[in-house]
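1. Quick one, structure for this:
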Amino acid sequence: MKADIHSFESMAALDGDGVRYAVFFTGCPLRCAYCHNPDTWHRSGNEWTSEDLVNKIKRYKPYFKNGGGVTFSGGEPLLNAEFIVETGELLEENGIHYAVDTSGSVALTDDVKTALDGAELVILDVKFFDAESYKKYTKGNFDNFIAIGKYCTQRGIRLWLRTVIVPDINDDEESIRKYAEFSKQFKFEKYELLAFHTMGFFKYENLGIKNPLSDTPALDKNRLEELQTILNNNI
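-> Numbering: from 1, shown residues only. Next comes the predicted model:
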């Protein structure tokens, strides 16, 4: 089986436990207004088989200490759920675990369930706490996201939550409290806020794509810390 892969990141430390090898798939059903990686929206033609990918990953196994392993990201990795299942079986044969970093933007099919079941950790992007904002800023299906979060909770799959905080969109204290209340329907280990940044703006220019937030500044680090404290105090 083959899948289109955008890029890799070795020695990644922010995408799960321990040292990670991150695999970024192409393709995403969302069009988030604040997307940092519009270059992952469409296929690149850079196809890999499961066997070739695992052979590449195995070279980094000595670094997978303290719970480290592979993180499938994107784009939206669960568009390639069947490929993840096949690759995950090969990784397991080599004593390597995988995590899935997902927006939860796909339908909860049997293949998606199997991919989630095989993960040691799911990192779920909580974009918004209500269907109206979700549709406005991501163009996606809010119900898909809810279904995947609840499935992980019901199955007892380890779950981390993340939310990107964007100036003038969701950087107010009321929104953070709503995120906290919304998150209580899921069973998770931690909930992390991430700061909107402008480092990916050049990608929009290179691709000739309109950047809807071209005039939006990066979120101040101190403000992010303040909001994280509010979130922590309400979950």
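
2. who does the longest strand anywhere in the chain touch, helix- and strand-wise?
-> The residue-count maximum for a strand in the chain (DSSP state E) belongs to strand 2-12. With contacts taken as 3 or more CB pairs under 8 Å, 6 or more residues apart in numbering; DSSP states H and E, strand 2-12 sits against strand 20-25, strand 47-49, helix 50-58. Using the backbone N, CA and C atoms, a C-beta is placed for each residue, glycine as well.

3. got the angle between that strand and strand 20-25?
-> If you take axes from the mean of the first three to the mean of the last three CA atoms, to 10 degrees, strand 2-12 sits at 150 degrees to strand 20-25.

4. what sits up against strand 2-12?
-> For strand 2-12, the external contacting residues (CB atoms under 8 Å, 6 or more residues apart in numbering) are 19-27, 39-40, 43-50, 53, 56, 60, 63, 71, 74-75, 80, 83.

5. Show me which of those are buried.
-> With burial judged by 16 or more other CB atoms under 10 Å, the buried subset of the contacts of strand 2-12 is 19-27, 39-40, 48, 50, 53, 60, 71, 74-75, 80, 83.

6. could you turn the longest strand of the chain into CSV, dropping everything but the C-alphas?
-> The C-alpha trace of strand 2-12 is given here as CSV (Å, rounded to 0.1, in the frame of the first residue of the first chain):
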residue,chain,number,x,y,z
LYS,A,2,1.1,3.6,-0.7
ALA,A,3,0.5,7.0,0.7
ASP,A,4,1.5,10.5,-0.3
ILE,A,5,3.9,12.0,2.3
HIS,A,6,4.8,15.6,2.5
SER,A,7,7.8,15.5,4.8
PHE,A,8,9.5,14.1,7.9
GLU,A,9,10.9,15.4,11.1
SER,A,10,13.4,13.4,13.1
MET,A,11,14.1,14.0,16.7
ALA,A,12,10.7,15.8,17.2
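
7. Give the partner strands of that strand in its sheet and their orientations.
-> strand 20-25 (antiparallel), strand 47-49 (antiparallel) (DSSP bridges).

8. Show me where the protein has its helices.
-> When secondary structure is read from DSSP state H, the chain shows helices at 50-58, 81-93, 110-117, 131-138, 142-155, 173-183, 201-207, 221-232.

9. Okay, now the unreliable bits of the protein?
-> Applying pLDDT under 70 to the chain flags no residue at all.

10. Let's see that with 80 instead.
-> 13-14, 65-66 (pLDDT under 80).

11. sorry, back to before: could you dump the strands paired with strand 2-12 into CSV with distance to residue 203 added?
-> Shown next, in CSV, are these (distance: least, CB to CB, whole Å):
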stretch, distance to residue 203
strand 20-25, 13
strand 47-49, 22
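
12. Those: which one's closest to residue 145?
-> Between residue 145 and those, the tightest spacing by CB to CB is seen for strand 20-25, at 17.9 Å.

13. Just want the angle from that closest one to helix 50-58.
-> For strand 20-25 against helix 50-58, the angle by the same axes, to 10 degrees is 150 degrees.

14. returning to what we had before: list the buried ones in the longest strand of the chain?
-> By neighbour count on 16+ other CB under 10 Å, the buried set for strand 2-12 is 3-7, 12.

15. Alright, that wraps it up for me.
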